Structure formats: C-alpha cells, structure tokens
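1. Sharing a model prediction with you, sequence too.
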Amino acid sequence: MLLFNLTPPVAGAVLRLSVDFNSPVDYLIFIFQILFATAAVLLAGPVVISILCTRALRLQNRFIFMLNTSICDTLVGLSVYYQGLFDVQEGYPSRNGTYNVLPTLLGVNIMTFLFAQFDRYFAVCHSFAYMRFVTRRVIISTNVYCWFHVYVLLLIQNFLPLSKAVQVYVFSIITLQFIVLTKVAMTIKLYFVARYQLERDPPSAERENNKESLRIIIFVVISFLVLWVPSFVNIVLRLIVGRGLVFRNEATNLFAIMARLNAVCTPAVYLWGSPALREATVRTVWGRVCPRCRRRVVPSPVKGTSNGRPTKIH
C-alpha cells in the first residue's frame, strides 16, 4: 500500500550494506538504524506480550486495537534490521526489495487507526448502541480485516503486469488521500467530543476509560500523520509532477525513516497514556527481566475491573 521513493534500477545489484563507511555520517546512519530497530522492538514487543497475557486488557476493545498496531510496530522494528542495515530499495523498480511486504505494514497501521477512531467515537457518542452491537468478535474481525484488505491489494498488485500494477498503485494513493482526510476530520471530531461531552458525564470508571482512550488515540493519530505525511507528499510529487527527493536506499530515505519512527512513537504513547498498560508491562515483561522494576510498581486495579473481576467495559 505504501511504496516509498522510486529510484533507477541498478544492473547486477547485490546485497551489500546500506552505507560504505567512507565518512562519519555513514557510521552515524548505521548506528542509528540499529538503535532505532532495537528501540522499536523493545517498546512495541512488550506491549504485545502484556496485552496478550493480561485478561483485563484483552477484554477491552481499545486494547485490541493497540495490540494490532503494536504487532505491526514490532514487525516494522524487525524489518529495519534488513531495510536499514542493507542496501534495500522498495518500489518500482526495486533493489533487494521485499515486494513491498515490509513497507505495507504501515498501511495496516493506517487502517487500524482509522477504525480505532470510529470505535472511540461511537463508544463515547452512542454508548448504548455500541455496548449492544459492537462486540469483541466484531473488533477482532475488524482488526483482521485491516491485514486482509491491505495485503490482498498488495498480492494483486504484485501479480499484475507492471503497467497494471502501477495503475493499482495510483488507485491506492488516491484512496489513501481519502483515508488521510477522514482521519484528520475524525481527529478534530474526537477532540471536541473529549473536550465537551465527557466533561458533562458524571464521574465513573467508564468515563475515565473513555477519556484515557480518546487522549491516546488523538495523540497517536497526530504523531502518525506528522511523521508519515512528508513521505506521502514526496510520493505524490513524484507521481504527478515528476519531482521530489530521490534517496540512495531505505537507510538514507529520510521520509521513510520518519514514517517508520511511528513504530517507536506509537507504543511510547500507549505506555504514557495508559497506567494499566504500564503496570501490565512491568508485571509481565520488565518485572521478569528486572525484579527491582517490579517492586517499584504498586499494583492497582485495572480500570474497568471491580475486586479484580472485569466489569462491562469497552
């Protein structure tokens, strides 16, 4: 779904490192890619494990969306060990590419964030209908559909002739513009919902859950758009007017690096915005690695529970 910058083909290209180590900048780029990949895996990976191992979190719809994006972010972090350390160029034509399988992980995140925004909007504005019709099975199916939609489109694109594949790519770019505009509109709508409607609701655990989840999704979507839009604009410029920045490979592609930085920012926002997720992460992951970290955290009931038993939550 997301194809970054296009570069001329290189005859007889072989897999080599992303930089030549001819200058200090090359060393900085290589070290940055290693640190970036490691940070993404160490942030997003524990979030995945914590949600899977904590039943009180799995019962809440908002954490299912967090789980889906965190799985993507973990895979993005792992992909940087290949795309960032070796001479890889995705796109048409590609060089040592992955048929856009790895860049398309960002497409899954875009779809997931969009459905998460709709989910939080209906949970707050139409809570009665939401609790009645939006079941856990519906949320899980929605997250699975994000993967199905994006990768089926990619599969079709990879099996089509080059001319048809480019047409499908252009169509996906046009579709993506509508998705981005929808995300912006939903972010604005959610902001006003959080500012006005929730303040009028009586104090309750459900109200605090909604405030927390809205705050998280707004911050996540804003950071995602800020980091990803430059790459999107550069792609559009290259497609429409034939202009835009060209990079040697994915490791030196500043816009692609910015887009992939979401793999670090998104789980960081999740941990910052959700005390329950922080406690679960310390208990299930970091507490096992570092027992001192576990002793520093005072256990507290997860929001949406009563005496340790889950209540009606979403």
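-> Sure thing, it's come through.

2. quick one, phi psi at residue 241?
-> Dihedral angles phi and psi of residue 241 (degrees, to the nearest 10) take the values phi -110, psi 0.

3. mind checking how far it is from residue 160?
-> When CB to CB, to the nearest Å is the yardstick, residue 241 and residue 160 sit 25 Å from each other. For glycine as for every other residue, the C-beta is placed from the backbone atoms N, C-alpha and C.

4. Give me the secondary structure label for residue 99.
-> Secondary structure state of residue 99, per DSSP: H, G, I helix; E, B strand; the rest coil, is coil.

5. How about it: what's its closest non-neighbour residue?
-> residue 158 (5.1 Å; CB to CB, 6 or more residues apart in numbering).

6. Can I take it that that neighbour is in a strand?
-> No - under three-state DSSP, residue 158 falls outside any strand and is assigned helix.

7. quick one: it from residue 72, how far?
-> For residue 158, the distance to residue 72 equals 20 Å [CB to CB].

8. Equivalent analysis for residue 99, please.
-> Going from residue 99 to residue 72 by CB to CB gives 18 Å.

9. So what does residue 95 look like in phi/psi?
-> In terms of degrees, to the nearest 10, the main-chain angles of residue 95 are phi -140, psi 110.

10. My guess is it contacts residue 88. True?
-> Yes - in this structure, residue 95 is within contact of residue 88 by CB atoms under 8 Å, at 6.8 Å.

11. Overlap in contacts, the two.
-> Taking CB atoms under 8 Å, 6 or more residues apart in numbering as the contact rule, residue 95 and residue 88 both touch residue 249.

12. how many other residues sit next to the residue nearest to residue 99?
-> A total of 12 residues lie near residue 158 under the criterion other CB atoms under 10 Å.

13. pretty sure residue 79 is in contact with residue 105, am I right?
-> Yes - A contact is recorded between residue 79 and residue 105 when judged using CB under 8 Å, the distance being 7.0 Å.

14. The two: who's more crowded?
-> The neighbour count for residue 79 versus residue 105, taken as other CB under 10 Å, is higher for residue 105 (25 against 21).

15. Now do the contacts for that one.
-> If you count contacts by CB under 8 Å, 6+ apart, residue 105 has them with 72, 75, 76, 79.

16. mind redoing it with 10 Å?
-> When contacts are counted by CB atoms under 10 Å, 6 or more residues apart in numbering, residue 105 is found next to 1-2, 69, 71-76, 78-79, 147, 150-151, 260, 263.

17. Of these, which belong to helices?
-> Judged by DSSP state H, helices contain the following of those: 69, 71-76, 78-79, 147, 150-151, 260, 263.

18. got TSV for those residues, with distance to residue 16 and pLDDT too?
-> As requested, these are exported to TSV (distance: CB to CB, whole Å; pLDDT from 0 to 100):
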residue	distance to residue 16	pLDDT
69	33	97
71	30	97
72	28	97
73	28	97
74	27	97
75	24	97
76	23	96
78	20	97
79	18	95
147	32	97
150	30	92
151	29	94
260	21	93
263	25	95
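
19. Export these to JSON lines and append columns for distance to residue 235.
-> Conversion of those to JSON lines gives the following (distance: CB to CB, whole Å):
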{"residue": "69", "distance to residue 235": "22"}
{"residue": "71", "distance to residue 235": "25"}
{"residue": "72", "distance to residue 235": "20"}
{"residue": "73", "distance to residue 235": "21"}
{"residue": "74", "distance to residue 235": "25"}
{"residue": "75", "distance to residue 235": "22"}
{"residue": "76", "distance to residue 235": "18"}
{"residue": "78", "distance to residue 235": "24"}
{"residue": "79", "distance to residue 235": "19"}
{"residue": "147", "distance to residue 235": "22"}
{"residue": "150", "distance to residue 235": "16"}
{"residue": "151", "distance to residue 235": "19"}
{"residue": "260", "distance to residue 235": "15"}
{"residue": "263", "distance to residue 235": "19"}
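
20. Show me just the buried residues among these.
-> If you count burial by 16 or more other CB atoms under 10 Å, the buried members of these come out as 69, 71-76, 78-79, 147, 150-151, 260, 263.

21. how far out from the middle of the chain is whichever helix in the chain runs longest?
-> Once the chain is assigned using DSSP H, the helix that runs over the most residues is helix 205-240. Averaging C-alpha coordinates over helix 205-240 and over its chain gives two centres that are 9 Å apart (CA atoms, centre = their mean, to the nearest Å).

22. For the stretch 1-150 of the chain, which segments are assigned as helices?
-> Across the stretch 1-150 of the chain, reading from the start of the chain, the helices by DSSP state H, counting those that start in this stretch fall at 24-53, 55-58, 61-83, 105-125, 127-133, 136-159.
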